[in-house]
Structures are given as structure tokens and as C-alpha cells.
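Q: Using only what follows, build the 3D model:
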Amino acid sequence: MSNPRYANLQKVRNDKRTYSITPRIAGGFITPDNMIRLAEVARKYKATLKITSGQRVMIIGLKAEEVDAAWADLGMEPGVLSPYSVKNVEMCPASFCKRAKQNSMKISMTLEKRYYGKAAPNRVKIAVAGCRNACTSANAKDIVVLADVEGYIVRVGGSAGFHPRLPDEVASQLTEEEVFLMVDAVFDTYCEMADTGEKLGIMIDRVGFDQYKKAVLAIYEKRKEI
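A: Purely as a prediction, here's the structure:
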């Protein structure tokens, strides 16, 4: 039997299959009403709540026949639409942090809305941080935007998985508007150059960072002229 839609199979115990669901919570910012709703749904189905590393709340321990009903009760969008899509945009609370060099919240939320569920060769994580301290483990993400006093830095290809990889720096001293153009160029170049199932960092190592960066900057400069 295939897994219920927008659910992940958990560890099978005594031949019993249970599933988890993870609603979309943009950047980890959640309203009190949605937090209460999550708790009520977990209680209704005798499930467990887990705060994830991706700034969301997962409901664990649902039976297959409960998944659709739980989604209906929540009335929320799934956090991940497909394994071959942008998984999430993680962000620091720059508007509230005394260490922030720029208020990067506008960039964070705009990217979250623009890239939610966007198709990609493999799963993609994006992170935005208001300073080089890079909270949310930003340097372990596929695309990272870091704020500095002089502007924004964009790095690519980070990973904390089976093959840890530090990201490569594509550009620095960018304005807010330039960040959006650069991230679009980074993402679109990845989609054009990668094989299906290939992560961004692995693709960069295959084709060479210099070649990848050259392709990104060519797209960026062309679009900047428009």
C-alpha cells in the first residue's frame, strides 16, 4: 500500500505502520490559533508533536486512515509538496535580534512565498540570516543569504547530510533587490545543469564551481539589465 499523501512513514513496530505530517509554518512564525489547532489535532488522534529542525511542528503517530482527516482538521498546507521541490526557507528573527546587520525578514518571507513547493532536481533548502553568525545552520543549506554591514552575501551548495559540504560564495555586497535576482539565477542555473536527483552541492562538484558561477552570473547580469 502506498503512503498517504503528504505523509511520511515512521519506523514500523510490530508490523504497525504509522505516519507523520508536517504543515507549512513559514519561517517558524505561527499564530496562537494555529498552535492550538496543532495541539488539538494531535490530542484528537492520540499523536505526538515534534518541533523539527526546519522550523515547523510535526504530528507523529497517525494511522494511515487518519492522515486525510488530520489534514482536514488542521486546514493548513503541507510543508513539503514533493521530494523534488524546495523543501523550506529557514530564517532567523532578524527584526528582533540585536546582532542583525540588516533586517532580512522581508527577503526571508518573500523567498518563502516565491519558492514554496517549487519544482527542482532534488530537495532544496534555503536559509536567510541577518548576520554572518548564520543562525538556523544557514551554511548547511543549498542556498544561503547572509546579511553583513555592506549588504548581502549569497552562498550555494551547503549540506549537512551524508556528505557534509561548506557552501561556495557566489556574490557579496548585494542589495535586497539584487538578492532576489541572484537567488533566482542560482536556482534556475541549478535546474538547467543538474541531473534528476542531483543535489546542488554535488552538481557543483561535478561541473566545477567556476563553471557554475559563470553561468549564474551570466543569467544574473542579463536579468539585471531588464
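Q: Tell me how far the residue most central in space within the chain lies from residue 108.
A: By C-alpha atoms, centre = their mean, the mean C-alpha position of the chain lies nearest to residue 88, the distance being 2.2 Å. According to C-beta to C-beta, to the nearest Å, residue 88 stands 11 Å off from residue 108. (Glycine included, C-beta is placed from N, CA and C.)
Q: now do residue 28
A: In terms of C-beta to C-beta, residue 28 sits 10 Å off from residue 108.
Q: who has more neighbours, the two?
A: Using other C-beta atoms under 10 Å as the criterion, residue 28 and residue 108 rank with residue 108 on top: 27 against 17.
Q: Excluding chain neighbours, what is closest to the more buried one?
A: Leaving out its chain neighbours, the residue that sits closest to residue 108 by C-beta to C-beta, 6 or more residues apart in numbering is residue 91, at 3.6 Å.
Q: my guess is the one you found meets residue 28, correct?
A: Yes. Contact criterion C-beta atoms under 8 Å: residue 91 and residue 28 qualify, at 7.5 Å.
Q: Centre of the chain to the helix of greatest length in the chain, how far?
A: Longest helix in the chain, counting residues (DSSP state H): helix 176-193. Offset of helix 176-193 from its chain centre (C-alpha atoms, centre = their mean, to the nearest Å): 15 Å.
Q: Please list the residues outside the helix or strand following that helix that contact it.
A: Downstream of helix 176-193, the first helix or strand assigned by DSSP states H and E is helix 200-207. Contact with helix 200-207 is made by 121-122, 124, 142-143, 156-159, 163, 165, 167-168, 190, 193-195, 198, 212, as judged by C-beta atoms under 8 Å, 6 or more residues apart in numbering.
Q: Mutual contacts of residue 91 and residue 28, please.
A: Counting by C-beta under 8 Å, 6+ apart, the contacts common to residue 91 and residue 28 are residue 55.
Q: what's the neighbour count on the nearest residue to residue 219 once chain neighbours are set aside?
A: Leaving aside its chain neighbours, residue 219 sits nearest to residue 185 (4.2 Å; criterion: C-beta to C-beta, 6+ apart). As a burial measure, residue 185 scores 23 neighbours (other C-beta under 10 Å).
Q: Kindly report the same for residue 203.
A: Residue 203 has 19 nearby residues by other C-beta under 10 Å.
Q: where's it relative to residue 154, distance?
A: Plainly put, residue 203 is 17 Å away from residue 154 if you go by C-beta to C-beta.
Q: Over to residue 164?
A: Shown here: residue 164 relative to residue 154, a distance of 20 Å by C-beta to C-beta.
Q: The two: which has the busier surroundings?
A: Shown here are residue 164 and residue 154; by other C-beta under 10 Å, residue 154 has more neighbours (23 against 10).
Q: Roughly how far does that one sit from residue 142?
A: Where residue 142 is concerned, residue 154 sits at a distance of 12 Å (C-beta to C-beta).
Q: again with residue 190
A: Counting by C-beta to C-beta, the gap from residue 190 to residue 142 is 8 Å.
Q: so what sits against both of the two?
A: Counting by C-beta under 8 Å, 6+ apart, the residues touching both residue 190 and residue 142 are 124, 156, 200.
Q: quick one: which of these is most hemmed in?
A: In terms of neighbour count, residue 200 stands highest of those at 30 neighbours, by other C-beta under 10 Å.
Q: any idea which helix or strand carries residue 38?
A: Taking DSSP H and E as the criterion, residue 38 maps to helix 32-44.
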